[in-house]
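Undergrad: got a predicted structure plus its sequence, pasted below:
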Amino acid sequence: MIQNQGYAAYGNSKILTASPAELTLMLYDGAIKFVNIAIAATEKKDVEKAHNNIMKAENIIIEFQSTLDHKYPVAKDFDTVYTYLLQRLRDANLKKDKEILEEVLGHLRTMRDTWKEVMVKTANGTKIDTVQVS
C-alpha cells in the first residue's frame, strides 16, 4: 500500500510539472490505454469493464474537443475528427465491437505519434527557430 502511495505521488508530480504539450501526449496515451483495456475486456465478454474504459476514452476525447481554440482554422478539422471518434466509441460501446475499437485505436495512435513529432520539431512546445544560441 505504501508503495502504491509513492507511485501515486510520482504520477501526480509528473502531471503537475508537465508542459501543456506533455499533458496532451499523456492524454493521448491514456486514451490509447483505455481503448486497449476495452478491447481486452470485450474479448473476455466483460461488459462492465469494456463500458467503463470506453467511457474513459470518450471523456479524454471530449476534453480535447472542448479545449480546441477555434480562432485557428485547423480547429474545425480536429473537431470533425473528435466528433467521428466519439461516435465510433459510442457505437463500439453499444455493440461491444472489438473491430470498431481497433479502428479508433489506430486513429488515436496516429494522432499521438503525430503529436510526438510536433513536440520534437518544436522542442516540446517551444519553437526551435526562435531560440538563439550564443
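TA: Cool, got the structure.
Undergrad: after the helix or strand of the chain with the lowest mean pLDDT, next one along is what?
TA: Among the helices and strands of the chain, helix 2-16 carries the lowest confidence by mean pLDDT, DSSP states H and E, at a mean of 61. Per DSSP states H and E, the first helix or strand lying C-terminal to helix 2-16 is helix 20-43.
Undergrad: flag every buried residue along the following helix or strand past that next one.
TA: With elements assigned by DSSP H and E, the helix or strand that comes after helix 20-43 is helix 47-66. Within helix 47-66, the residues that qualify as buried are 50, 51, 53, 54, 56, 57, 58, 60, 61, 64, 65, counting by 16 or more other CB atoms under 10 Å. C-beta coordinates here come from the backbone N, C-alpha and C atoms, glycine included.
Undergrad: so which strand or helix has residue 93?
TA: Going by DSSP H and E, residue 93 is in helix 74-95.
Undergrad: for that helix, packing partners?
TA: helix 47-66, helix 98-121 (3 or more CB pairs under 8 Å, 6 or more residues apart in numbering; DSSP states H and E).
Undergrad: could I get the CA-only coordinates of it as PDB?
TA: Taking C-alpha atoms only, helix 74-95 is exported to PDB below (Å, rounded to 0.1, in the frame of the first residue of the first chain):
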ATOM      1  CA  VAL A  74      -7.300  23.700 -38.100                       C
ATOM      2  CA  ALA A  75      -9.600  23.500 -35.000                       C
ATOM      3  CA  LYS A  76     -12.600  22.800 -37.300                       C
ATOM      4  CA  ASP A  77     -10.700  19.800 -38.700                       C
ATOM      5  CA  PHE A  78      -9.800  18.500 -35.300                       C
ATOM      6  CA  ASP A  79     -13.400  19.000 -34.100                       C
ATOM      7  CA  THR A  80     -14.600  16.800 -37.000                       C
ATOM      8  CA  VAL A  81     -12.100  14.100 -36.200                       C
ATOM      9  CA  TYR A  82     -13.000  14.200 -32.500                       C
ATOM     10  CA  THR A  83     -16.700  14.000 -33.300                       C
ATOM     11  CA  TYR A  84     -16.100  11.000 -35.500                       C
ATOM     12  CA  LEU A  85     -14.000   9.200 -32.800                       C
ATOM     13  CA  LEU A  86     -16.700   9.900 -30.200                       C
ATOM     14  CA  GLN A  87     -19.400   8.400 -32.500                       C
ATOM     15  CA  ARG A  88     -17.300   5.400 -33.200                       C
ATOM     16  CA  LEU A  89     -16.600   4.900 -29.400                       C
ATOM     17  CA  ARG A  90     -20.300   5.100 -28.800                       C
ATOM     18  CA  ASP A  91     -21.000   2.600 -31.500                       C
ATOM     19  CA  ALA A  92     -18.400   0.300 -30.100                       C
ATOM     20  CA  ASN A  93     -19.900   0.700 -26.600                       C
ATOM     21  CA  LEU A  94     -23.400  -0.100 -27.700                       C
ATOM     22  CA  LYS A  95     -22.300  -3.200 -29.700                       C
END
